[in-house]
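Peer 1: Just a sequence and a predicted model for now, questions to come.
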Amino acid sequence: MVIVMAPDASSADIEAVADLVATAGGEAYVTRGVSRTIIGLVGDVRHFETLDLRALPGVSDVLRISAPYKLVSRENNAERSLVTVRGVPIGPGHTTVIAGPCAVETPEQTLQAAHMAADAGASLLRGGAYKPRTSPYAFQGLGEAGLKILSDVRDETGLPVVTEVVDASDVDLVASYADMLQIGTRNMQNFALLQAAGEAGKPVLLKRGMNATIEEWLMAAEYIAQRGNLDIVLCERGIRTFEKATRNTLDISAVPVAQDLSHLPVIVDPSHSGGKRSLVLPLSRAALAVGADGVIVDVHPRPETALCDGPQALVESDLAELRDAAQTHAALLGRTLAEAPAPAVV
Ligand code: PEP
Ligand code: MN
């Protein structure tokens, strides 16, 4: 932390700051410039945060130098992390495709979508059993029956399951079926949910809040990490802007920015950002080219009948193109396309 003194600060003002810092167990390094004095604080920043340094006479500004998130910060962990989901890697050296229906609707639809996901190069199956919908009249998901379908489809195809949890009280139930817990954009600052997910013993896919800054997103990840779970993957899924041509504006720069600030893997959701089938492949290519560790994509065997987000779901004829894009970008960037584990022998 650095304290910038006002040009007219007196020596007594400077000494008062140094004394207060010393009483909080820190050290103050005073640098007297031509027009201003700056004071560098060394010690545990949490002790300084409780001091009202701004209120002291002669203090012009208090600047934080280190990131407010610690456990997920790259400052404290220079190596980028690899998260594994039932053996499937997400992170440096790998390109991981996650695909599946927006929502689990029926066993047949989920199984067909899982086969489509595998054809698209996916090694993880997505699908919501609990859906956070803007309208209370929209399909809310099948709940536990949907989790059972996902688990049966995992047994049949071998694809580990990524599924959303929307309420802290459901975390244990969802974690008993899922291989990775998804926290959606609308819940990125549901702190009780983040904490419960941090204690669930499963990797977490944390989507960026549609109105959240990158710092707020990383602070949300810190809530999960603080409960002892560092198996977190960040997902940029588009933010709210004035633009209406897309469902959300894909903040492609968030990928390298978040990878620079945090050691956690970062993937992109081109389906919920673009909101249109025709945008999903171009946005997937952009995400992989900018260095995303993977993409999460909606697919559906019959999007015209989908109970949720049909217009953005890829169809059969798109799958080979997504797989080729993932393979080509992986090879160009020296990464390996992650493979699905073999199906369980039953
Ligand atoms: C989803 O992935 O199904 C979803 C609801 O996404 P988001 O939270 O990004 O809107
Ligand atoms: Mn959706």
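Peer 2: In hand now; what should we look at? Ligands and ions are numbered 1, 2, ... in the order given.

Peer 1: Can you classify the residue lying closest to T31 once chain neighbours are set aside by secondary structure?
Peer 2: Closest residue in space to T31, ignoring its immediate chain neighbours: I38 at 5.2 Å, by Cβ to Cβ, 6 or more residues apart in numbering. Every residue, glycine included, has its C-beta placed from N, CA and C. Under DSSP: H, G, I helix; E, B strand; the rest coil, I38 falls in the strand class.

Peer 1: Likewise for L51?
Peer 2: Per three-state DSSP, L51 ends up coil.

Peer 1: Ok, the one 10 residues further on next?
Peer 2: Of the three states, D61 takes strand under three-state DSSP.

Peer 1: Can you get me a residue count around it?
Peer 2: As a burial measure, D61 scores 13 neighbours (other Cβ atoms under 10 Å).

Peer 1: so H47 sits right up against G25, yeah?
Peer 2: Yes: the pair H47 and G25 passes the contact test of Cβ atoms under 8 Å, sitting 5.6 Å apart.

Peer 1: what about the two, which has more around it?
Peer 2: H47 (14 against 10).

Peer 1: What helix or strand is A221 located in?
Peer 2: helix 214-226 (DSSP states H and E).

Peer 1: Can you tell me which residues in the stretch 201-346 of the chain are near ligand 1?
Peer 2: With Cβ under 6 Å from any ligand atom as the criterion, the stretch 201-346 of the chain meets ligand 1 at residues K207, R237, D269, H272.

Peer 1: Just the pLDDT at V346, thanks.
Peer 2: Reading off the confidence values, V346 has pLDDT 64.

Peer 1: you'd agree E75 is up against I65?
Peer 2: No: using Cβ under 8 Å, E75 is not in contact with I65; the gap is 9.8 Å.

Peer 1: between these two, which one's more packed in?
Peer 2: Shown here are E75 and I65; by other Cβ under 10 Å, E75 has more neighbours (13 against 10).

Peer 1: Secondary structure class of that one, three-state.
Peer 2: coil.

Peer 1: Contact partners for it?
Peer 2: Neighbouring residues of E75 by Cβ atoms under 8 Å, 6 or more residues apart in numbering: S66, A67.

Peer 1: Please apply the same query to L159.
Peer 2: By Cβ under 8 Å, 6+ apart, the neighbours of L159 are A114, A117, A118, A122, S123, L124, L125, V153, A340.

Peer 1: Where does confidence bottom out across those?
Peer 2: Out of those, that is A340, at 94.

Peer 1: which ones are touching that one?
Peer 2: So A340 contacts V88, A118, A122, S123, L124, T157, G158, L159, P160 (Cβ under 8 Å, 6+ apart).

Peer 1: Go again with 6 Å.
Peer 2: Shown in contact with A340 (Cβ atoms under 6 Å, 6 or more residues apart in numbering): S123, G158, L159.

Peer 1: and those as CSV, adding distance to G33 and secondary structure?
Peer 2: Shown next, in CSV, are the contacts of A340 (distance: Cβ to Cβ, whole Å; DSSP: H, G, I helix; E, B strand; the rest coil):
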residue, distance to G33, secondary structure
S123, 56, coil
G158, 64, coil
L159, 61, coil
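
Peer 1: And those, which is closest to ligand 1?
Peer 2: When those are compared for distance to ligand 1 (Cβ to the nearest ligand atom), L159 wins out at 16.2 Å.

Peer 1: Which element, helix or strand, includes D298?
Peer 2: strand 294-298.

Peer 1: Just list what that strand packs against, helices and strands only.
Peer 2: Judged by 3 or more Cβ pairs under 6 Å, 6 or more residues apart in numbering; DSSP states H and E, the packing partners of strand 294-298 are strand 94-100, strand 266-268.

Peer 1: and the angle from the helix or strand following the first one to strand 294-298?
Peer 2: I take that to be strand 94-100. Once the chain leaves strand 94-100, the next helix or strand it forms, by DSSP H and E, is helix 107-119. Inter-element angle recorded for helix 107-119 and strand 294-298: 150 degrees (by axes from the mean of the first three to the mean of the last three Cα atoms, to 10 degrees).

Peer 1: Distance from helix 107-119 to the middle of the chain?
Peer 2: 25 Å (Cα atoms, centre = their mean, to the nearest Å).

Peer 1: quick one on the thing from earlier: in terms of distance to ligand 2, which of the residues of the stretch 201-346 of the chain next to ligand 1 ranks first?
Peer 2: Distances from ligand 2 to these, taken as Cβ to the ion, are shortest for H272 (5.7 Å).

Peer 1: Who are the contact partners of that closest one?
Peer 2: H272 touches R237, counting by Cβ under 6 Å, 6+ apart.

Peer 1: That one is in what secondary structure piece?
Peer 2: Judged by DSSP H and E, H272 forms part of helix 270-274.
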